[in-house]
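# quick check, what structure comes out for this input:
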Amino acid sequence: MMLLQRLVVVAACVPLLCCAQTPPSSECIPYLNMPDGDLPNMPMAANSSEACANLCKGHEQCALYTFVSSQSTRCTQFHNKDGCCWLKETEVSGKAPVVWDPYACSAWIRIPSQGKLSVQEKKDKKRRQNKADGKMNVLYIVVDDLRPDLVAYGQNFTHNPNIASLAEEGIVFDNAYCQISVCSPSRLSFLTGRRPDHAGMYNFINHFRQSDCGISLANTAFSAESYRVVNTGTFGGGCQWGGQVGACGGSGQCCSLCSQDSNCTHWTYGPGNNCYLKACSGSKTVAQGVVSGVSGSATPSSHALWTTNPQNFKNNGYLTLQTGKIFHTEEGGVGNQDPNLNGPGMPPNEDPPSWHQGLSMAQVNAVAQMYGTAGDEVNGVAASLDGILNETSSNARQLCDRVISTDAIAKLRLATMNRNTTGQPFFMAVGFRKPHLAFRFPAPWLAKLPVAMEDTAVAEHPTLDSSVPSVAHCDNAPQGNPFVPVDNETAKQWRAHYYAAIAWMDSQVGRVLDELENLGQKENTLVVLHSDHGWSLGEHGEWQKFSNFEHGTRVPLIMRAPFIPGAVGRSSVLAELIDVFPTMADVVGIPLPPNEVLDGKSLLPILKDVSNMNLAKNLKPYALSQYMRCPVNISVPWKNNHCLFDDRVLLKYMGYTIRTPTYRFTEWTLWNGSALAPDHTKDGLVGVELYSHVNAGISYSFDSFENKNEAADNPEVVAMLRTMLHEAIANQSRIPSLKPN
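Numbers count the residues shown, from 1 in each chain. Below you'll find the predicted structure:
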């Protein structure tokens, strides 16, 4: 696989930046300038990047370096006539590297210090690493908001040759589904291997690392005097959401603060994101929108100590590294005793327990911001195909996926060098941010699309059919009303820009895959690529995510395992993203976390026997997803109903959807917040949807299905699938039902 366009090194810098005799795994990456983290008395004089690398190797505290040629004003100010070498202890969290500095290059030399370990900790670390030696690596690529509009899925109106090449060498799962179609809870779900109901996490205000206080009381306040009040929704606390103040951590954060404080027995979470800590409960009073609970725990049986997928690899001796958006990057925590739980993200800081210290991009938004500056996102960014900005201002914001792919290359070289030296395999996670809004991509990628923007097809059914319960719809830009279609010009622009953002992201995936191959690691690395959920592009009036429709829940899922004979082809198995965790462990031969219950199922049998249709049919009978609704006005259930910052005990409706090989059945009910469960009584039923997917095939269009609700015409099918759905919901693992008194 070749990159779509190679960078051209500034001629004057070639002798300084390129060192042919240096092993590829430690070669200085051109144009990369790493900020801060410098050891004392920097820079040092060096006449080449190789000389700088040798200086770093000779300093036991140096983990990486940046070399800048003497032609740069950054170097000449130090009067070094040959060049400048900055030795660094670590990559600085929250500082964005410059990925296009024509006079600079950077590289890792060694694994950063993991701090002082006891004799026993050293023995345990060595034992785990010895067990992992020789096992296969993992390259885990997670893409934000990507639906299967890919060449690998028969959609030839898009341009994504690198993902297509990956698919040709691996297994494409034609029927893969997320468990909830919104970023944070979906990622929490597949990274822990649990369904949303098991975690009790549905939106942007709680995460599994928070303490476990069980089920809280809705619309209730404790009257006892508060001895401490913490505001959990301010930027001062490190919380962020698209440049706005968000409800950072919600009642889950309040639970954690109380659980960490020996004086606290009860808490109340109220308006203004305020957490009121109390030494006793007092009486209970009715207070709309207020949530209260008791002090919780962080025991092995609670979600706070769950083992994530990358953490499981780390615990089994792997070197775990991360870049980009793996866990959700907004919202966060404030006021916790553990600094790892303070700051942006769900969990904060990309969950430090999952990665080796110093090898994760903890502050993703600060390093690889997905938004640009005003005016540069209308028709693509003024930049080259490679993502090099035409803007020369020091305030110009770099394209996030270029930053992420460059960081991935640097860390892949370090991981390979470490493997070649020690035998330790690596787990490298790369989270690309596009095609998530804003559609920020280099403008030339629009011309790479097979279809011009003015000829781009729009949704064939741009409004919601009257047969579909309107609670199924979530109003999002650019179409607020599902019964009034958006104009064709707007629809074409959104679609074309979405496809161009995919093409741009694909080019960066190609950089990473090329590097893996160039490092000689392709044949002994499991590569898994999928998105966090689907995306709607105007089908029956739906845009963006937040739904239970096929286009909201269906995701691309591709696995390449060159070391498994015959693991090439397509599978129709009903795969779920919660299956990724157990599948990865099974493929490389490491155990799952002891004493933990995962909800997914290993897909290794499919990788070993992809042509076995009976196996694909019988391995999993259905895929289960869900989404909630919180309309401000219940008489207009499709409007203002996204639920992103509503406490889980205050949700109004929950929709569960089950996808079988031939049907999608969805049922919307009232939500019982006191049990965190749907109300399946007759009075609790809000709406029912049934859609046939017979003869869907591989490359079907989302326009072809789910346009008219077929429930009224098929009562027997509805009855059968309702029973299956209710059994699936009832058989889920759930969080403990600890209730305050």
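# tell me how many other residues crowd residue 82.
Residue 82 has 14 neighbouring residues, counting by other CB atoms under 10 Å. C-beta here means a position set from N, CA and C on the backbone, and glycine is covered the same way.
# before we move on, what about residue 547?
29.
# surely it meets residue 476?
No - Residue 547 is not in contact with residue 476 according to CB atoms under 8 Å; the separation is 9.4 Å.
# kindly list the longest helix within this protein.
Longest helix in the chain, counting residues (DSSP state H): helix 488-518.
# in that helix, which residues are buried?
For helix 488-518, the buried set under the neighbour-count rule, 16 or more other CB atoms under 10 Å, comprises 491-516, 518.
# what does stretch 679-694 give?
Applying 16+ other CB under 10 Å to stretch 679-694 flags 679, 680, 684, 686, 687, 688, 689, 690, 691, 693 as buried.
# hmm, who's touching the helix or strand where residue 105 lies?
In the assignment (DSSP states H and E), residue 105 maps to strand 104-108. By CB atoms under 8 Å, 6 or more residues apart in numbering, the residues outside strand 104-108 that reach it are 17, 26-34, 49, 53, 63-69, 72, 97-98, 410-411, 413-414, 417.
# show the contacting residues for residue 500.
Counting by CB under 8 Å, 6+ apart, the residues that residue 500 touches are 380, 439, 441, 445, 446, 448, 449.
# apologies, that question was intended for residue 320.
Contacts of residue 320 (CB under 8 Å, 6+ apart): 310, 311, 313, 314, 354, 355, 356, 359, 426, 427, 428, 429.
# where does pLDDT dip in the stretch 551-700 of the chain?
697-699 (pLDDT under 70).
# distance check, residue 328 against residue 450.
33 Å (CB to CB, to the nearest Å).
# residue 171 now?
Taken as CB to CB, the span from residue 171 to residue 450 is 25 Å.
# swap in residue 468?
In terms of CB to CB, residue 468 sits 32 Å off from residue 450.
# ok, now residue 158?
7 Å.
# who has more neighbours, residue 468 and residue 450?
residue 468 (23 against 11).
# residues contacting the more buried one?
540, 689, 708, 709.
# do that again at 6 Å, thanks
Residue 468 makes contact with residue 709, according to CB atoms under 6 Å, 6 or more residues apart in numbering.
# helix or strand: which one has it?
With DSSP H and E as the criterion, residue 468 is inside neither a helix nor a strand.
# give the contact list for the residue most central in space within the chain.
The residue lying closest to the centre of the chain (CA atoms, centre = their mean) is residue 326, at 3.7 Å. The neighbourhood of residue 326, defined by CB under 6 Å, 6+ apart, consists of 142, 429, 431.
# filter those down to the ones in helices?
Judged by DSSP H, those include no members of helices.
# any chance of these in a markdown table, with pLDDT and neighbour count too?
Compiled in a markdown table, those are given as follows (pLDDT from 0 to 100; neighbours: other CB atoms under 10 Å):
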| residue | pLDDT | neighbour count |
| --- | --- | --- |
| 142 | 98 | 23 |
| 429 | 98 | 29 |
| 431 | 98 | 25 |
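# so which of those comes closest to residue 273?
residue 431 (27.2 Å; CB to CB).
# looking at the buried residues of stretch 679-694, which is nearest residue 134?
residue 693 (43.3 Å).
# contacting residues for that closest one?
Applying CB under 6 Å, 6+ apart, the residues near residue 693 are 662, 705.
# and the helices in the stretch 101-250 of the chain?
119-132, 161-168, 183-192, 196-199, 250-260 (DSSP state H, counting those that start in this stretch).
# which among these is found nearest to residue 482?
helix 183-192 (22.4 Å).
# contact partners of the closest one?
Contacts for helix 183-192 (CB under 6 Å, 6+ apart): 178-180, 196, 199, 201-202, 204, 208, 306, 308-309, 327-328, 346, 532-533, 577-578, 580.
# what segments of the stretch 251-400 of the chain are strands?
266-270, 274-278, 284-294, 319-324, 328-333, 343-346 (DSSP state E, counting those that start in this stretch).
# against which helices or strands is the last one packed?
Yep, that's strand 343-346 we're talking about. The contact analysis (3 or more CB pairs under 6 Å, 6 or more residues apart in numbering; DSSP states H and E) places strand 343-346 against strand 328-333.
# cutoff 8 Å now
helix 183-192, strand 328-333 (3 or more CB pairs under 8 Å, 6 or more residues apart in numbering; DSSP states H and E).
# next, the angle from the shortest one to helix 250-260.
If you take axes from the mean of the first three to the mean of the last three CA atoms, to 10 degrees, strand 328-333 sits at 50 degrees to helix 250-260.
# same check, this time on the first one
Orientation note: helix 183-192 sits at an angle of 50 degrees relative to helix 250-260 (the same axes, to 10 degrees).
# now do the SS call for residue 667.
What DSSP: H, G, I helix; E, B strand; the rest coil gives for residue 667 is strand.
# how close does the nearest residue in space to residue 195 that is not next to it in sequence sit to residue 306?
Closest residue in space to residue 195, ignoring its immediate chain neighbours: residue 599 at 4.9 Å, by CB to CB, 6 or more residues apart in numbering. From residue 599 across to residue 306, the span is 12 Å (CB to CB).
# between those two, what contacts are shared?
By CB under 8 Å, 6+ apart, the residues touching both residue 599 and residue 306 are residue 194.
# ok, residue 677 to residue 658 distance?
Using CB to CB, which is the criterion applied here, residue 677 is 16 Å from residue 658.
# neighbour count winner among those two?
Neighbours per residue, other CB under 10 Å: of residue 677 and residue 658, the larger number sits with residue 658, 25 against 18.
# would you mark the buried spots in the helix or strand harbouring that one?
Take DSSP H and E as the rule and residue 658 turns out to sit in strand 653-659. Neighbour counts over strand 653-659 (16+ other CB under 10 Å) mark 653, 654, 655, 656, 657, 658, 659 as buried.
# what bridges to the first one?
Taking DSSP bridges, one obtains residue 629, residue 670 as the residues bridged to residue 653.
# so where do the helices sit in the stretch 501-650 of the chain?
Going by DSSP H, counting those that start in this stretch, the stretch 501-650 of the chain shows helices at 550-553, 580-588, 604-608, 613-619.
# so who does residue 653 touch?
Counted by CB under 8 Å, 6+ apart, residue 653 has contacts 471, 628, 629, 630, 631, 637, 668, 669, 670, 671, 686.
# same question for residue 280.
224, 265, 266.
# any chance of those in TSV with neighbour count, distance to residue 280 and pLDDT as columns?
Shown next, in TSV, are those (neighbours: other CB atoms under 10 Å; distance: CB to CB, whole Å; pLDDT from 0 to 100):
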residue	neighbour count	distance to residue 280	pLDDT
224	16	5	97
265	17	6	96
266	22	7	97
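# of all those residues, which comes closest to residue 463?
residue 266 (48.9 Å).
# so how far is residue 297 from the nearest residue to residue 302 once chain neighbours are set aside?
In space, and not counting its chain neighbours, residue 302 is closest to residue 212: 3.5 Å by CB to CB, 6+ apart. According to CB to CB, residue 212 stands 6 Å off from residue 297.
# same drill for the two, tell me which one is more crowded.
residue 212 (22 against 17).
# quick check: that one touching residue 306?
No - Residue 212 is beyond contact range of residue 306, at 10.1 Å (criterion: CB under 8 Å).
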